[in-house]
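A.B. asks: Provided below are the primary sequence and the corresponding predicted coordinates.
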Amino acid sequence: MSTEILNRTSVANNGNPQESASKKAQTPKKVNIDVLRKRVFNEQKRERFQNRVLLGMFCFTIAILGYIVV
């Protein structure tokens, strides 16, 4: 199955050689640090949100169990 994927991509790339050459020329060789920092910041923000939701659900569950038991 993996060879089928490779065959399809090679056929798709052979469609117009000028387009692939121009895309290679347009790709920058430098890495934009601001973009990487933003990705890391967004990932950390998402993780903090998920942790807060889990903590809230845990506290809510304890409160409901305490109400039922009493």
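C.D. replies: Everything's here; your move.
A.B. asks: what are the phi and psi angles of Asn32?
C.D. replies: phi -80, psi 110 (degrees, to the nearest 10).
A.B. asks: distance of Phe49 from Cys59?
C.D. replies: Here Phe49 is placed at a distance of 16 Å from Cys59 (C-beta to C-beta, to the nearest Å). The C-beta positions use only the backbone N, C-alpha and C, and glycine is treated the same way.
A.B. asks: repeat for Gln44
C.D. replies: Distance from Gln44 to Cys59, counting by C-beta to C-beta: 23 Å.
A.B. asks: And Arg39, by the same measure?
C.D. replies: Distance from Arg39 to Cys59, by C-beta to C-beta: 31 Å.
A.B. asks: One more: Val35?
C.D. replies: Taking C-beta to C-beta as the measure, Val35 falls 37 Å from Cys59.
A.B. asks: Likewise for Lys38?
C.D. replies: Separation of Lys38 from Cys59 (C-beta to C-beta): 32 Å.
A.B. asks: for Val53, same thing?
C.D. replies: 11 Å.
A.B. asks: can you check Val31 too?
C.D. replies: Distance of Val31 to Cys59, given as C-beta to C-beta: 42 Å.
A.B. asks: the more surrounded of these two?
C.D. replies: The residue with more neighbours, out of Val31 and Cys59, is Cys59; 10 against 7, by other C-beta atoms under 10 Å.
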